[in-house]
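**Q** sharing a model prediction with you, sequence too.
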Amino acid sequence: MLGELIIRDAVTADLQALQSLYQHLSTGDAVCSPDEAERIFARLLLYPGSTIVVGEVDSRIVTTCTLVVIPNLTRGGKSYGLIENVVTNADWRGFGFGRQVLSAATERAWAAGCYKVMLMTGSTKPQTLAFYERAGFAQSKTGFQIRRHPVRPD
(Lines give C-alpha, C1' and ligand atoms only; values in the text may rest on other atoms or scores of the structure.)
Protein backbone atom coordinates (compact mmCIF):
# COMPACT_ATOMS: atom_id res chain seq x y z
CA MET A 1 0.00 0.00 0.00
CA LEU A 2 1.24 3.44 -0.98
CA GLY A 3 1.80 5.98 1.80
CA GLU A 4 0.41 9.50 1.71
CA LEU A 5 2.40 12.25 0.01
CA ILE A 6 3.45 14.94 2.48
CA ILE A 7 4.45 18.23 0.88
CA ARG A 8 6.70 20.66 2.70
CA ASP A 9 9.54 23.10 2.17
CA ALA A 10 13.01 21.57 2.14
CA VAL A 11 15.39 22.06 5.04
CA THR A 12 19.16 21.78 5.13
CA ALA A 13 18.94 18.17 6.34
CA ASP A 14 17.22 17.27 3.02
CA LEU A 15 20.09 18.33 0.78
CA GLN A 16 21.73 14.90 0.48
CA ALA A 17 18.40 13.28 -0.43
CA LEU A 18 17.75 16.04 -2.96
CA GLN A 19 21.16 15.54 -4.58
CA SER A 20 20.29 11.87 -5.00
CA LEU A 21 16.82 12.66 -6.40
CA TYR A 22 18.30 15.12 -8.91
CA GLN A 23 20.08 12.17 -10.55
CA HIS A 24 16.61 11.16 -11.82
CA LEU A 25 16.47 14.55 -13.56
CA SER A 26 19.85 14.28 -15.19
CA THR A 27 21.73 11.02 -14.71
CA GLY A 28 25.42 11.56 -14.11
CA ASP A 29 25.05 15.29 -13.47
CA ALA A 30 27.74 16.82 -11.26
CA VAL A 31 26.85 16.87 -7.56
CA CYS A 32 27.73 19.72 -5.21
CA SER A 33 29.77 19.07 -2.10
CA PRO A 34 27.66 19.14 1.07
CA ASP A 35 29.18 22.50 2.10
CA GLU A 36 28.52 24.04 -1.30
CA ALA A 37 24.94 22.69 -1.33
CA GLU A 38 24.34 24.34 2.06
CA ARG A 39 25.72 27.68 0.80
CA ILE A 40 23.57 27.57 -2.34
CA PHE A 41 20.46 26.61 -0.36
CA ALA A 42 21.03 29.51 2.07
CA ARG A 43 21.35 31.93 -0.89
CA LEU A 44 18.09 30.65 -2.42
CA LEU A 45 16.26 31.32 0.82
CA LEU A 46 17.36 34.98 0.76
CA TYR A 47 14.65 35.62 -1.86
CA PRO A 48 11.39 35.89 0.14
CA GLY A 49 8.94 33.23 -1.00
CA SER A 50 11.63 31.15 -2.70
CA THR A 51 11.99 27.55 -1.64
CA ILE A 52 12.59 23.99 -2.69
CA VAL A 53 9.28 22.17 -2.35
CA VAL A 54 9.56 18.47 -1.57
CA GLY A 55 7.07 15.63 -1.49
CA GLU A 56 7.82 12.68 0.71
CA VAL A 57 6.25 9.28 1.17
CA ASP A 58 7.12 7.25 4.26
CA SER A 59 9.84 9.83 5.15
CA ARG A 60 11.51 9.44 1.72
CA ILE A 61 11.68 12.45 -0.63
CA VAL A 62 10.26 11.24 -3.95
CA THR A 63 9.46 14.48 -5.80
CA THR A 64 10.59 18.09 -5.79
CA CYS A 65 10.71 21.40 -7.60
CA THR A 66 12.40 24.71 -6.92
CA LEU A 67 10.44 27.96 -6.75
CA VAL A 68 12.21 31.28 -7.07
CA VAL A 69 10.18 34.43 -6.47
CA ILE A 70 11.68 37.23 -8.53
CA PRO A 71 11.16 40.89 -7.66
CA ASN A 72 9.75 42.86 -10.55
CA LEU A 73 9.30 46.51 -11.52
CA THR A 74 6.47 45.89 -14.00
CA ARG A 75 2.88 44.76 -13.27
CA GLY A 76 2.67 47.30 -10.47
CA GLY A 77 5.67 45.79 -8.75
CA LYS A 78 4.20 42.30 -8.52
CA SER A 79 6.77 39.52 -8.42
CA TYR A 80 6.72 36.47 -10.63
CA GLY A 81 7.59 32.89 -9.87
CA LEU A 82 9.95 30.65 -11.75
CA ILE A 83 9.84 26.90 -11.23
CA GLU A 84 12.88 24.77 -12.06
CA ASN A 85 14.32 21.34 -11.31
CA VAL A 86 11.01 19.48 -11.44
CA VAL A 87 11.69 15.81 -10.82
CA THR A 88 10.06 12.69 -9.43
CA ASN A 89 11.99 9.54 -8.62
CA ALA A 90 11.47 7.19 -11.57
CA ASP A 91 10.07 4.50 -9.25
CA TRP A 92 7.38 6.90 -7.99
CA ARG A 93 6.11 8.36 -11.27
CA GLY A 94 2.52 7.98 -12.36
CA PHE A 95 0.94 8.53 -8.93
CA GLY A 96 0.28 12.29 -9.37
CA PHE A 97 3.03 13.30 -6.95
CA GLY A 98 4.79 15.61 -9.41
CA ARG A 99 1.54 17.39 -10.15
CA GLN A 100 0.90 17.84 -6.42
CA VAL A 101 4.33 19.34 -5.78
CA LEU A 102 3.86 21.75 -8.72
CA SER A 103 0.48 22.76 -7.33
CA ALA A 104 2.03 23.41 -3.92
CA ALA A 105 4.80 25.53 -5.46
CA THR A 106 2.23 27.51 -7.44
CA GLU A 107 0.19 28.15 -4.28
CA ARG A 108 3.34 29.38 -2.53
CA ALA A 109 3.96 31.76 -5.44
CA TRP A 110 0.41 33.14 -5.21
CA ALA A 111 0.86 33.58 -1.44
CA ALA A 112 4.08 35.53 -2.15
CA GLY A 113 2.12 37.93 -4.38
CA CYS A 114 3.28 36.65 -7.76
CA TYR A 115 1.16 37.57 -10.76
CA LYS A 116 2.36 34.55 -12.79
CA VAL A 117 4.36 31.37 -12.46
CA MET A 118 6.57 30.14 -15.29
CA LEU A 119 8.55 27.04 -16.02
CA MET A 120 10.51 25.81 -18.99
CA THR A 121 11.37 22.31 -20.07
CA GLY A 122 13.97 21.16 -22.52
CA SER A 123 12.03 17.97 -23.07
CA THR A 124 10.20 17.38 -26.32
CA LYS A 125 8.60 14.14 -25.08
CA PRO A 126 4.82 14.28 -25.54
CA GLN A 127 4.25 12.72 -22.11
CA THR A 128 6.36 15.40 -20.41
CA LEU A 129 4.52 18.22 -22.17
CA ALA A 130 1.17 16.59 -21.34
CA PHE A 131 2.26 16.31 -17.69
CA TYR A 132 2.81 20.08 -17.47
CA GLU A 133 -0.51 20.78 -19.18
CA ARG A 134 -2.33 18.45 -16.76
CA ALA A 135 -0.64 20.38 -13.94
CA GLY A 136 -2.30 23.56 -15.24
CA PHE A 137 0.55 25.12 -17.21
CA ALA A 138 -0.14 26.43 -20.72
CA GLN A 139 2.44 26.39 -23.49
CA SER A 140 1.80 30.03 -24.33
CA LYS A 141 5.21 31.66 -24.69
CA THR A 142 8.33 31.09 -26.71
CA GLY A 143 11.43 30.43 -24.63
CA PHE A 144 14.99 31.26 -25.56
CA GLN A 145 18.20 30.49 -23.76
CA ILE A 146 21.91 30.74 -24.16
CA ARG A 147 24.03 28.15 -22.41
CA ARG A 148 27.60 27.96 -21.30
CA HIS A 149 27.45 24.14 -21.29
CA PRO A 150 25.74 21.80 -23.77
CA VAL A 151 22.10 20.87 -23.33
CA ARG A 152 21.68 17.51 -21.64
CA PRO A 153 20.02 14.79 -23.73
CA ASP A 154 16.21 14.45 -23.48
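**A** Everything's here; your move.
**Q** mean confidence for the strand or helix carrying Ala105?
**A** Secondary-structure assignment from DSSP states H and E places Ala105 in helix 97-111. Helix 97-111 shows an average pLDDT of 97 in the prediction.
**Q** which other helices and strands does it contact?
**A** strand 6-9, strand 51-57, strand 60-70, strand 80-88, strand 117-119, helix 126-134 (3 or more C-beta pairs under 8 Å, 6 or more residues apart in numbering; DSSP states H and E). The C-beta positions use only the backbone N, C-alpha and C, and glycine is treated the same way.
**Q** can you list the buried residues in that helix?
**A** 97-102, 104-106, 108-109 (16 or more other C-beta atoms under 10 Å).
**Q** what's the local residue count around Ala37?
**A** Neighbourhood size, Ala37 [other C-beta atoms under 10 Å]: 17.
**Q** that one: what's it in contact with?
**A** By C-beta atoms under 8 Å, 6 or more residues apart in numbering, the residues touching Ala37 are 15-16, 18-19.
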